[in-house]
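> here you go, sequence then predicted model.
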Amino acid sequence: MITESLYHQVIADTPALKVVAAVAQQMETPTYVVGGFVRDLILGRKLKDIDIVCVGSGIQLAKTIGESIGAKPVVHKNFGTAALKIEGEEVEFVGARKESYRSNSRKPIVEDGNLADDQNRRDFTINALAISLNKDDFGQLLDPFGGMQSLEDKLIQTPLAPDETFSDDPLRIMRAIRFASQLSFDIEADTFNAIKEMKGRLEIVSQERITDELNKIILSPKPSYGFKLLFHSGVLAHVFPEMVKLQGVKVIDGKAHKDNFYHTLQVLDNVSEVTNDLWLRWAAILHDIAKPATQRFHKKAGWTFHGHEDLGARWVPRIFKQLKLPLNDKMKYVQKLVRLHLRPIALVSEKVTESAVRRLLFEAGDDIEDLMKLCKADITSKDHNRVRRYLSNFKKVEEKMIEVEEKDHLRNFKLPVTGELIMETFEIKPSRVVGDIKNEIKEAILEGTIENDYDQAFQLMLDLGQKRGLSRSGN
Ligand code: CTP
């Protein structure tokens, strides 16, 4: 946390705030910076958008500032808010409100209020801190609900009774866990109990908003913490029930399998240490998602999960659709990593053959490094010797990959002969035989029978055509 004089300095030196303060003081409108900006400023975190609250009309204040800098705010009349870009920063304006909700209706009765009313109806005490931009008390922190104390105690806590705060906007149930995960804070006991009791209210919140928060949890420094809060509060069962199914250990004949939920969280944390990429983190979450569905017990072999990587990959589009995640290349990327996640480990347990490495390079393409990151993260054994052995075997595979890639250039593999060339050469129309020839050439390259080279591929194409009774055009 930074000192009072330091944040006073930042407020005085931030160009956008200088502009807001000057106009607000001229208009004699009591105006404050509030919310995430103040929280992050005090915590010494990276600063994002600025939220301004004034006692009066936020829209009017934004318009007047807009006139003074020759810009027009974007006004949301329904919400009483306006957004304006000032000195390159996004600034959001709102008038202080006292908001209550009728018990028989979700429609808020919004009344103008003073600053404390407005702070009181915000989500958490750490987000209800305000700093004055007014002449007489410029830079002063206004903290009627113990936000500073919560920052010191590292606590997520609501300013009102938690059920009231969560009823106002049930998305705050997700936000509580998201902030706890992002900041490594605890959730205060009454607030956590209210989350447990009120999780069902998330039903009225759109999936997009829920998933937005889920993604922020996934992107936090140690996402397992957020997922444990989601799990223990019962929220995870509402928002992502498939993941809850991973939890639990069955024992038959004294043989237990590992708890795939906690294993998945460990893999997620491991991968998060080497990447901030949301989709690689999603691949970690989903890599074993089909284990419960494929779990079998064999008297001799014990527990098996045969085909969980293929089934899991097939589930990815449905899960993405349910969670309203994008159904684009990102989904395909996650699907690919889930499908291939056992392949490198299978390579290390066998003798590393060139053709197996070639096939993996061909299938993974440019995502091979990410796949290796996922596979290394997947080693969660507590046996240090075993981990060391795996990692050194992975190293051998990686060395082999570099060797094969330098020689064969398979990462962005394109067949050296195209379907068009096959059709032209043999004067044939599009047909199955074209696909068959292409496939055999591909297989020959991956097997290493011929090199990834035009002349060798062309010669093989001629041989394969001849074998099928096709004659070369012009002959
Ligand atoms: N807020 C709230 N209830 C919500 C959403 C927002 O009370 N459901 C208030 C909080 O005071 C919050 C402020 O509006 O600090 C701004 O919201 P938002 O931009 O969503 O969050 P930040 O706190 O700025 O944090 P971040 O940018 O990390 O999302």
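Done, it's in.
> can you report how many residues neighbour the closest residue to the ligand within the chain?
Proximity to the ligand, evaluated over the chain using CB to the nearest ligand atom, is greatest for residue 36 at 2.3 Å. No exception for glycine: its C-beta is placed from N, CA and C like everyone else's. Residues near residue 36, counting by other CB atoms under 10 Å, number 17.
> per-residue pLDDT, it?
Note on residue 36: pLDDT of 96.
> list the residues that contact it.
By CB atoms under 8 Å, 6 or more residues apart in numbering, the contact list for residue 36 reads 48, 49, 51, 127.
> can you show me the helices along the stretch 301-450 of the chain?
Ranges of helices within the stretch 301-450 of the chain are 308-322, 329-340, 343-349, 354-364, 368-377, 384-408, 419-426, 432-447, based on DSSP state H, counting those that start in this stretch.
> show me what the third one is packed up against.
Contacting helix 343-349 under the criterion 3 or more CB pairs under 8 Å, 6 or more residues apart in numbering; DSSP states H and E are the following elements: helix 354-364, helix 368-377, helix 384-408.
> can I get those in a markdown table with mean pLDDT, distance to the ligand and mean neighbour count?
Listed next are those as a markdown table, based on pLDDT from 0 to 100; distance: least, CB to the nearest ligand atom, whole Å; neighbours: other CB atoms under 10 Å:
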| stretch | mean pLDDT | distance to the ligand | mean neighbour count |
| --- | --- | --- | --- |
| helix 354-364 | 88 | 34 | 19 |
| helix 368-377 | 95 | 26 | 20 |
| helix 384-408 | 86 | 35 | 14 |
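> what would these look like in a markdown table with distance to residue 449?
Below are these laid out as a markdown table (distance: least, CB to CB, whole Å):
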| stretch | distance to residue 449 |
| --- | --- |
| helix 354-364 | 9 |
| helix 368-377 | 23 |
| helix 384-408 | 12 |
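> contacting residues around residue 165?
Residue 165 touches 121, 123, 124, 158, 159, 172, counting by CB under 8 Å, 6+ apart.
> so which of those sit within helices?
Members of the contacts of residue 165 lying in helices (criterion: DSSP state H): residue 172.
> can you narrow the contacts of residue 165 to ones near the ligand?
Filtering the contacts of residue 165 for proximity to the ligand by CB under 6 Å from any ligand atom leaves 123, 172.
> quick one: least confident of the contacts of residue 165?
Among the contacts of residue 165, residue 121 has the lowest pLDDT, at 92.
> state the phi and psi torsions of it.
phi -100, psi 10 (degrees, to the nearest 10).
> ok, the nearest residue to it once chain neighbours are set aside - how many residues close by?
Nearest residue to residue 121 in three dimensions, chain neighbours excluded: residue 99, at 5.0 Å (CB to CB, 6 or more residues apart in numbering). Using other CB under 10 Å, residue 99 is surrounded by 15 other residues.
> one more: residue 275?
Using other CB under 10 Å, residue 275 is surrounded by 17 other residues.
> now for the nearest residue to it once chain neighbours are set aside: which residues touch it?
Of all residues not flanking residue 275 in the chain, residue 373 sits nearest, at 6.2 Å (CB to CB, 6+ apart). Taking CB under 8 Å, 6+ apart, we find residue 373 in contact with 271, 274, 275, 280.
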